[in-house]
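*Asks:* show me how the following folds:
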Amino acid sequence: MTRLRHNAVSHVGLVRKVNEDALLTLPEQRIFVVADGMGGHAAGDVAAQTVVDAVAALPLDSAPADQMRALRQAVMDAHQTILAEIANRDGAIMGATVVALMISGAHFVCFWAGDSRLYRLRGGEIELLTADHSVVGALVAAGQMTWDEAEHHPQSNTITRAVGVGDTLELDKIRGDVERGDRYLICSDGLNKYAGLNTLRDAMQDAPLETVTDKLLGIALKGGGADNISIVVVDVV
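*Replies:* The predicted structure is shown next:
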């Protein structure tokens, strides 16, 4: 079995007063999650924490296929919990993006909703594995712009899917192979709005795991730090 190492950081940024992001690392289950809350203090942060709390309650000893189904169900359960909380708050705006990575043996699976992202660095090349559920994400899918161009679009922050938004949550899924030497990056948009593919690749390429998250955080803060920033880096060794 491949061995995993990881490092993670979450920062409020330079403008916001509250960190509405939440992250979760479960190395024993080989699960890593970032959730980015929306709705303001006491709403967005609660929504994001609801997502990671649901995943944190997963059993330790499930078979990989069962664990994958349980991970997906945990996010779906969080959706219902947030909807109930919204009803208790008289329809307050409340929700969270999510990106959840699970690695098992030589394969990975990722579930996501919203614009938090999963990247993979392999052999010196970086690839964005998820596709934003956003207004600009649809434009990228239509071939009208690149992801890097989308970051500067006026509607770059307008998401079309999130946990707790709408009666039914539609989670996207991607799965693929894992190779030794792979480096996975999970992040909220507080990082990628300041770092395109080339910047991320250069920052991640030769940085030790112990310092790479701080290096990426520094890029976001130097760029302005206008949003909360959450970063998880997972190395396959």
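
*Asks:* contacts, neighbours, all on C-alpha from now
*Replies:* Fine.

*Asks:* do you know the pLDDT at the nearest residue to Leu71 once chain neighbours are set aside?
*Replies:* Closest residue in space to Leu71, ignoring its immediate chain neighbours: Val55 at 6.3 Å, by Cα to Cα, 6 or more residues apart in numbering. If you check Val55, the pLDDT there is 98.

*Asks:* just Cys187 next, same as before
*Replies:* pLDDT, Cys187: 98.

*Asks:* what about it, distance to Asp172?
*Replies:* Look at Cys187 and Asp172: by Cα to Cα, to the nearest Å, they are 16 Å apart.

*Asks:* show me where pLDDT drops low in the protein?
*Replies:* Counting by pLDDT under 70, the low-confidence segments of the chain come to 154-157.

*Asks:* as a check, name the ranges of all strands in it.
*Replies:* With DSSP state E as the criterion, the chain has strands at 4-11, 21-26, 31-38, 95-104, 107-113, 117-122, 125-128, 172-177, 183-187, 229-236.

*Asks:* minimum distance to Tyr194: which of those has it?
*Replies:* Taking Cα to Cα, strand 229-236 is the member of the strands of the chain nearest to Tyr194, at 10.6 Å.

*Asks:* and Thr25, what does it touch?
*Replies:* Ala8, Ile31, Phe32, Val33 (Cα atoms under 8 Å, 6 or more residues apart in numbering).

*Asks:* the third one against Asn7, yeah?
*Replies:* No - judged on Cα atoms under 8 Å, Phe32 makes no contact with Asn7 at a distance of 10.4 Å.

*Asks:* which one of these two has more residues nearby?
*Replies:* Phe32 (24 against 17; other Cα atoms under 10 Å).

*Asks:* how far does the longest helix along the chain sit from the chain's center?
*Replies:* Longest helix in the chain by number of residues, with DSSP state H as the criterion: helix 64-88. Chain-centre distance of helix 64-88: 16 Å, with Cα atoms, centre = their mean, to the nearest Å.
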